[in-house]
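Participant: the amino acid sequence is not available; the structure is as follows:
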DNA sequence: GAAAACTTGTTGAGGGTTCAAGTATTATCA
DNA sequence: TGATAATACTTGAACCCTCAACAAGTTTTC
């Protein structure tokens, strides 16, 4: 039963998947390049700054920040270290948990974000939003939410590791 | 007139953009992990193997291969070097252009691809296709095509560099 | 047909991410 | 309480990608 041949993609599905792949790849590399040029940071760092700027006190626990910025702890640790070198983020100890660290956006960091934001948003518009009809924007949100829901369900079913490992052919059925 | 304030994203647009961002990030990191686990290669390498496998003679000029696999020449060069070390690709000189190199998929490379494909496709199904309705799959293709068309148009208007640089506030209007 | 301009592909340095391992602290529980 | 497990975060190595610089071959131009 585990050897039910692979369910290959249909022509329709394959076309959708490949279009999606190249579209996202070019989109993200464009955004990445724009941010790198104008702000000198990768998009992932920008996202960290954004999340911090929206948090109360412009500060957040590291693990919390990792979660909302879709980042691993290790990645965030490295990233915050780099941003701290620039003086854009300050790390302080967490008062309620001695293991914890709180990342706080500095005024310089906020200023840098404020400077970078217009160019970035403009690019998001040009490369994505303005390329779509309002209806498509809505569809894209719904599709994205469906993907996230599915990923969440997957993780919930499989337990801790968010990634279902190889060859679990008979996992669901 | 150049200082028309930034056209920020509306609530709807922002929500769509952020959902899209986290959905794609988790999706791609899942696929990446799956491939890394099962085949020991990053997704970009997989794509190279796929394109080669579909080419006549399972061979392709480097620059052509770079184009269809959405890769820079440099990136492809590094990637092919790694894949050659594994014996999955062989590089030969191009008969019609002495500058050129032809990358050719070896039998080992094809076997490796054949071994990796089922698990990968299964994951694409689980994480993307099966999470969507058939109508959404179609929408996703259309949206992706719109994004690509816009990127193409952008590049065409701006000339060579595919990335519009910073602060071209008054570029369109 | 030679110089200039362009194309093809590679290389190495720099920087980002992942993975595995490690330290320190807190929670569990017997 | 004291042992064990779990959590929070960091670190270093390995790997991949980008960017700029380069070597080599081809095309263009006069």
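Facilitator: Alright, I've got the coordinates. None of the values given here were measured: they were computed from a predicted structure.
Participant: interface residues of chain A facing DNA strand C?
Facilitator: Proximity of chain A to DNA strand C (C-beta under 7 Å from any atom of the strand) is limited to residues A:41-42, A:44-45, A:71-72, A:74-75, A:78-79, A:82, A:97-99. For the C-beta atoms, the positions are set from N, CA and C on the backbone; glycine is no exception.
Participant: what do you get if the cut-off is 10 Å, keeping everything else the same?
Facilitator: Residues of chain A lying close to DNA strand C by C-beta under 10 Å from any atom of the strand are A:32, A:36, A:40-45, A:47-48, A:66, A:69-83, A:85-86, A:93-100, A:163.
Participant: okay, and which of those map to strands?
Facilitator: residue A:93 (DSSP state E).
Participant: and the residues of chain A next to DNA strand C near DNA strand D, which?
Facilitator: Subset of the residues of chain A next to DNA strand C in contact with DNA strand D: A:32, A:36, A:42, A:66, A:72-81, A:93-94, A:97-100, counting by C-beta under 10 Å from any atom of the strand.
Participant: need the longest helix for chain A.
Facilitator: helix A:11-39 (DSSP state H).
Participant: who touches residue A:132 in this structure?
Facilitator: Neighbouring residues of residue A:132 by C-beta atoms under 8 Å, 6 or more residues apart in numbering or on different chains: A:140, B:143, B:146, B:147.
Participant: try 10 Å this time
Facilitator: Residues in contact with residue A:132, defined by C-beta atoms under 10 Å, 6 or more residues apart in numbering or on different chains, are A:138, A:139, A:140, B:13, B:16, B:142, B:143, B:146, B:147, B:150.
Participant: lowest-confidence one in those?
Facilitator: Among the contacts of residue A:132, residue B:150 has the lowest pLDDT, at 92.
Participant: and it, how many neighbours?
Facilitator: If you count neighbours by other C-beta atoms under 10 Å in any protein chain shown, residue B:150 ends up with 20.
Participant: let's see the pLDDT reported for the nearest residue to residue A:24 once chain neighbours are set aside.
Facilitator: Spatially, and ignoring its direct neighbours in sequence, residue A:24 is nearest to residue B:24 (5.6 Å; C-beta to C-beta, 6 or more residues apart in numbering or on different chains). On pLDDT, residue B:24 comes in at 98.
Participant: now swap in residue A:162 and tell me
Facilitator: As predicted, residue A:162 sits at a pLDDT of 41.
Participant: so who does the residue nearest to residue A:76 when sequence neighbours are not counted touch?
Facilitator: Of all residues not flanking residue A:76 in the chain, residue A:66 sits nearest, at 4.3 Å (C-beta to C-beta, 6+ apart). By C-beta under 10 Å, 6+ apart, the residues touching residue A:66 are A:48, A:51, A:60, A:72, A:73, A:74, A:75, A:76, A:77, A:79, A:80, A:103.
Participant: likewise for residue A:111?
Facilitator: The contact partners of residue A:111, taken as C-beta under 10 Å, 6+ apart, are A:88, A:105.
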